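**Q** pasting the sequence and the predicted coordinates here, then a few questions.
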Amino acid sequence: MDAEAQKKAAGEAAAALVESGMVVGLGTGSTAAWFVKALAARGLDVTGVPTSQATADLAASLGLRLAELGEVRELDLTVDGADEIGPGLSLIKGGGAALLREKLVWEASRRCVVIAEAAKRVPILGRFPLPIEVVAFGHETTALRICDALAECDIGVAPRLRVRDGAPVRTDNGNLIYDAPCGRIEEPSALAAALKSVTGVVDHGLFLDLADQALVGVAEGVVTLEP
Ligand code: 5RP
């Protein structure tokens, strides 16, 4: 299977985990979109909590019933993609700029399943630039303090403002994204704490101790990974 077929297979395998009556977190990105399509095709009586406007639009177009996180408070299961899957199912997410809503939904979920193609597995996190969501006000100074936080963790790089079509990317929350090309993140927990301590940082794309299971598409099918 090529990468797209692996994403599709992982999304379909995750949809098979859903049962009628569940409240289900709907991730963001191309792999999560395969999950949303496969879930809608099952015709179950479920309520979806989307992690982005893009996912809300897709799910609504497929006839899925949707609710806001604040309405449901707790979810049975969330299924979402990732940019990297490292040791112990540590993750980098946020390539699609939805990391904050994703993390809020993941943290409210009893079970979180990450879905991806085989190429997303890495022996150490950091090859994919780490997304960091910051408030727009004074973001240039926040970026300087992010640099200091990275340096505290022996990561000597500068974060780059994410720009698309000549304009800064705005998240669904109206914030900006900086991407930090860390290379190797030796101590993800220490980096996560350092970044969260920076005023102006809303959240970052390190998802640690959150994934309960990974369904990874490989050439021959889908493999299941536990932390
Ligand atoms: C969005 C995300 C996505 O899950 C991540 O970027 C993976 O996307 P894709 O499935 O398209 O490779 O974190 O914020």
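**A** Done, it's in. Residues are numbered from 1 along each chain as shown.
**Q** for the protein, what lies in contact range of the ligand?
**A** Those residues of the chain that sit near the ligand, judged by CB under 6 Å from any ligand atom, are 27-32, 80-83, 93-99, 102. C-beta coordinates here come from the backbone N, C-alpha and C atoms, glycine included.
**Q** pop the domain breakdown of this protein in here.
**A** Following automatic domain parsing, the chain resolves into domains at 3-122+208-221, 130-204.
**Q** okay, the ones you listed, which one's buried deepest?
**A** domain 3-122+208-221 (a mean of 20; mean count of other CB atoms under 10 Å).
**Q** kindly check the end-to-end length of it for me.
**A** Domain 3-122+208-221 has its terminal residues 11 Å apart, counting by CA to CA, to the nearest Å.
**Q** average pLDDT across that domain?
**A** When pLDDT is averaged along domain 3-122+208-221, the result is 98.
**Q** swap in stretch 142-161?
**A** Across stretch 142-161, the average pLDDT comes to 97.
**Q** check the offset of it from the chain's centre.
**A** 21 Å (CA atoms, centre = their mean, to the nearest Å).
**Q** before we move on, what about stretch 73-85?
**A** On CA atoms, centre = their mean, the centre of stretch 73-85 falls 7 Å from the chain's centre.
**Q** just the terminal-to-terminal distance for that stretch.
**A** End-to-end for stretch 73-85, by CA to CA: 27 Å.
**Q** can you start the count at 282 instead of 1 from here on
**A** Done: numbering now begins at 282, and the last item shifts to stretch 354-366.
**Q** and Leu506, what are its bridge partners?
**A** Taking DSSP bridges as the rule, Leu506 bridges to Ala495.
**Q** around it, how many other residues sit close by?
**A** 15 (other CB atoms under 10 Å).
**Q** distance of it from the ligand?
**A** 16 Å (CB to the nearest ligand atom, to the nearest Å).
**Q** contacting residues for that residue?
**A** Contacts for Leu506 (CB atoms under 8 Å, 6 or more residues apart in numbering) come out as Ile366, Leu370, Gln494, Ala495, Leu496, Val497.
**Q** of the residues you listed, closest to the ligand?
**A** Comparing the contacts of Leu506 against the ligand with CB to the nearest ligand atom picks out Ile366 as the nearest, at 10.4 Å.
**Q** what sits against the closest one?
**A** Leu372, Val395, Ala397, Lys401, Arg402, Val403, Ala492, Ala495, Val497, Leu506.
**Q** just put the residues you listed in CSV and tack on secondary structure.
**A** Listed next are the contacts of Ile366 as CSV, based on DSSP: H, G, I helix; E, B strand; the rest coil:
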residue, secondary structure
Leu372, strand
Val395, strand
Ala397, strand
Lys401, helix
Arg402, strand
Val403, coil
Ala492, coil
Ala495, strand
Val497, strand
Leu506, strand
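**Q** between these, which is closest to Ile413?
**A** Leu372 (14.7 Å; CB to CB).
**Q** Gly419 and Val479 touch, don't they?
**A** No: Gly419 is beyond contact range of Val479, at 11.6 Å (criterion: CB atoms under 8 Å).
**Q** skipping adjacent residues, who's closest to the residue nearest to the spatial centre of the chain in space?
**A** Closest to where the C-alpha atoms of the chain average out (CA atoms, centre = their mean) is Lys374, at 3.8 Å. Closest residue in space to Lys374, ignoring its immediate chain neighbours: Gly486 at 4.7 Å, by CB to CB, 6 or more residues apart in numbering.
**Q** cool, and Val353?
**A** Nearest to Val353 is Val304, by CB to CB, 6+ apart, at 5.0 Å.
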